[in-house]
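# task: produce atomic coordinates for the following.
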Amino acid sequence: MRVRAASIRSYRNRFVVAVAILAAVAPTLAAPRLGAQSVTPQSSPPKALDYQGAVNAAYEKYKNLREGKNADYIPALAKVDANLFGIALVTPDGKVYTAGDVTSEVSIQSVSKVFTMARVMQQSGDSALENNIGVDATGQVFNSIYAIEQHKGQEINPLVNPGAITTTSMIQGADANAVWGTIIGTLNPFAGRSLSVNQEVYASEAATNQRNQAIAQLMYAYGRIKSDPKQATDLYTRQCAVNVNARDLAVMAGTLANEGMNPLTSKQAVSAEHVPGILAVMATAGLYDDSGKWLFATGLPAKSGVGGGLIAVSPGRFGIAVVSPPLDSAGNSVRGQKAIADISAALFGNPYMAGAKTVAKK
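A predicted model of the protein is given here:
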């Protein structure tokens, strides 16, 4: 019996020792290996993003920047105050963040192309544009005639002038007044208010748009414009002369960020099914010759206008706009690009970033 008792004590002692060893070793087994990547990416954004702080910081940083110059090939644009600078950001839940002058108006210019494109998609389907003019970046300047000749009016897109004038011609209506009613009736729901034409800019552009008239005639010759090319050019010129401010543009961008529903009015400006195609063309052709550089730097679909407006969209996150007339050599607002890039970086707006996906899930 003494021998058996001694054996039991021996086994028990061994068990106690084994438990002590496991207790000491277990934490090291669960710990990550040295040099192993952390489960939480270092790029993960903070829990609470400071939207107003990001907007304010960009405004303060660039408000005294004096690079670029106003567009002067349209005489009325050369007279716009070059110091005008306003930033606005709108989220899908209707929050608005602003800095600077967000009430002074400029002509919308090429930013309008986005919304006539949206209207044609709504009326005729996405394939109508793709089949008639295409959705490819041309690799040429925005008013290139060579780009038309190269593919007989196809393989271009709705955001360069040949494609934009043709897109305007595709809007349905019994006559010019009916078509115009549809155009302005498209812009208004995106902006959430009634917009009007800057008559001085319209007259100035109409007197100097001979190249656009030639472009329209060539697109008509190739069968892309099927109605009166002079009417198409005039309506396109008028839509470019519509007055907007930075807040209007941000609401329009915010509507695209919110799957086509205006976040302030809750009205559906375009069906959600068309928004991915709209954003795709903006991403590839929205900033003229520098579209690729912009997308590489920010990942944001965007559209600029030579009036100084610039919009960008972080899908599901926010729409942002800047009005600042001085342009770079490609025709894009200098302060607009810098401000939006900074704000988007601060708010993890780039949809290709892991941080942006983390924020979007919250």
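# buried residues, stretch 57-66. List them.
Buried residues in stretch 57-66, counted by 16 or more other C-beta atoms under 10 Å: 57-59, 62. Where you see a C-beta, it was placed from the backbone N, CA and C, and this is true even at glycine.
# which residues touch stretch 142-157?
110, 132-140, 159-163, 166, 211-212, 214-215, 218-219, 222-224, 281, 284-285, 288-289, 331 (C-beta atoms under 8 Å, 6 or more residues apart in numbering).
# apply the buried test to those residues and list what passes.
110, 132-138, 140, 159-163, 166, 212, 215, 218-219, 222, 224, 281, 284-285, 288-289, 331.
# tell me how many other residues crowd P276.
12 (other C-beta atoms under 10 Å).
# which elements pack onto the helix or strand where it lies?
Per DSSP states H and E, P276 falls inside helix 275-285. Helices and strands touching helix 275-285, by 3 or more C-beta pairs under 8 Å, 6 or more residues apart in numbering; DSSP states H and E, are helix 112-124, helix 246-257, helix 291-298, strand 302-304.
# packing partners for the helix or strand containing R211?
Secondary structure assignment for R211, by DSSP H and E: helix 210-221. With contacts defined as 3+ C-beta pairs under 8 Å, 6+ apart, helix 210-221 has these neighbours: helix 146-151, helix 161-169, helix 229-240.
# please repeat the previous calculation with a cut-off of 10 Å.
Packed against helix 210-221 by the contact rule (3 or more C-beta pairs under 10 Å, 6 or more residues apart in numbering; DSSP states H and E) you find helix 146-151, helix 161-169, helix 199-206, helix 229-240.
# please save the CA atoms from the first one in CSV.
What follows is helix 146-151 as a C-alpha-only set of coordinates in CSV (Å, rounded to 0.1, in the frame of the first residue of the first chain):
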residue,chain,number,x,y,z
TYR,A,146,-8.9,64.4,-84.6
ALA,A,147,-10.6,62.3,-81.9
ILE,A,148,-13.8,62.4,-84.0
GLU,A,149,-12.1,61.5,-87.2
GLN,A,150,-10.1,58.7,-85.7
HIS,A,151,-13.2,56.6,-85.1
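# buried sites along it?
Neighbour count says helix 146-151 has 147-148 buried, by 16+ other C-beta under 10 Å.
# now swap in the third one and tell me
Using 16+ other C-beta under 10 Å as the burial criterion, the residues of helix 199-206 that qualify are 201-202, 204-205.
# could you identify the most distant pair in those?
Within the buried residues of helix 199-206, Y202 and S204 form the most distant pair, 7.3 Å apart (C-beta to C-beta).
# need the residues touching each of these two.
Residues touching both Y202 and S204 (C-beta atoms under 10 Å, 6 or more residues apart in numbering) are 76, 107, 237, 241.
# so the second one sits against D248, correct?
Spelled out, it's S107. No - taking C-beta atoms under 10 Å as the definition, S107 is not a contact partner of D248, at 11.9 Å.
# overlap of the contact sets of the two?
242, 309.
# not counting sequence-adjacent ones, nearest residue to T265?
G192 (4.9 Å; C-beta to C-beta, 6 or more residues apart in numbering).
# please tell me I have it right and that neighbour contacts K267.
Yes - between G192 and K267 there is a contact under C-beta under 10 Å: 7.9 Å.
# between these two, which is the more surrounded one?
Ranked by neighbour count (other C-beta under 10 Å), G192 and K267 place G192 first, with 21 against 13.
# distance of that one from R211?
In this view, G192 and R211 are 34 Å apart by C-beta to C-beta, to the nearest Å.
# D101 now?
Counting by C-beta to C-beta - D101 and R211 are separated by 32 Å.
# if we can go back for a sec, which neighbours do G192 and K267 share?
Counting by C-beta under 10 Å, 6+ apart, the contacts common to G192 and K267 are T255.
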